[in-house]
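1. here are the coordinates; sequence isn't available:
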């Protein structure tokens, strides 16, 4: 029921916002533009917070594997986890079979291989690009059906990106000039 109210609120708000923006010469806001904005802000467009490309930029494989010794995840584990779930959900969105795995969420962190850090970073960037391309190409009806799930993907990514930045701060490898002092 909450989802229905959310869709209704967006449906009612978007036309009036679109009219207001068209008066100002801006492109009207659509569900597609909102979803793309959310995903891009967690991928490579710094807005309200640091995107993942910035959060992992310049990190060595050794730094990515570092943990605080208190049972918390490493940056590499978090990046792998984001990549895994984004890839899993994108496969479903595209009507493809999802990746087979044990069903244990811990494996989506623990299957990270520090020797493949650079590959993990590239795969993460690629799956986020693939998500953006899929949303660009998707019909509005499909986006309406998937809107809540896609919004949750963005929120999930943002949550773990915050963890990555905090780990880097604790580790001493974060440059505050990248967006978080």
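-> Now that the structure is in, tell me what you want to look at. In this text the structure is predicted, and so the values were computed from the model without any measurement.
2. Find the residue at the geometric middle of this protein.
-> To find the centre residue of the chain, average its C-alpha atoms and take the closest one (Cα atoms, centre = their mean): that gives residue 157, at 3.6 Å.
3. Next, the contact list for that one, please.
-> By Cβ atoms under 8 Å, 6 or more residues apart in numbering, the contact list for residue 157 reads 39, 42-43, 52, 82, 86, 128. From N, CA and C alone the C-beta is placed, and that goes for glycine too.
4. which pair in the residues you listed spans the largest distance?
-> The largest distance within these, taken as Cβ to Cβ, falls between 39 and 82 and amounts to 11.9 Å.
5. Show the residue spans covered by the helices in this structure.
-> 2-23, 31-43, 52-56, 61-65, 75-93, 107-110, 117-137, 140-171 (DSSP state H).
6. distance of the residue lying closest to residue 163 once chain neighbours are set aside from residue 26?
-> If the residues on either side of it in the chain are set aside, residue 163 comes closest to residue 78, at 5.7 Å by Cβ to Cβ, 6 or more residues apart in numbering. Counting by Cβ to Cβ, to the nearest Å, the gap from residue 78 to residue 26 is 35 Å.
7. What of residue 152?
-> Taking Cβ to Cβ, one finds residue 152 at 27 Å from residue 26.
8. do the same with residue 130
-> For residue 130, the distance to residue 26 equals 28 Å [Cβ to Cβ].
9. circling back: for the residue nearest to residue 163, which residues are in contact?
-> Each residue near residue 78 by Cβ under 8 Å, 6+ apart is listed here: 109, 160, 163-164, 167.
10. Identify, from those, the entry nearest to residue 70.
-> The nearest one, if we look at the contacts of residue 78 relative to residue 70 and count by Cβ to Cβ, is residue 167, at 11.2 Å.
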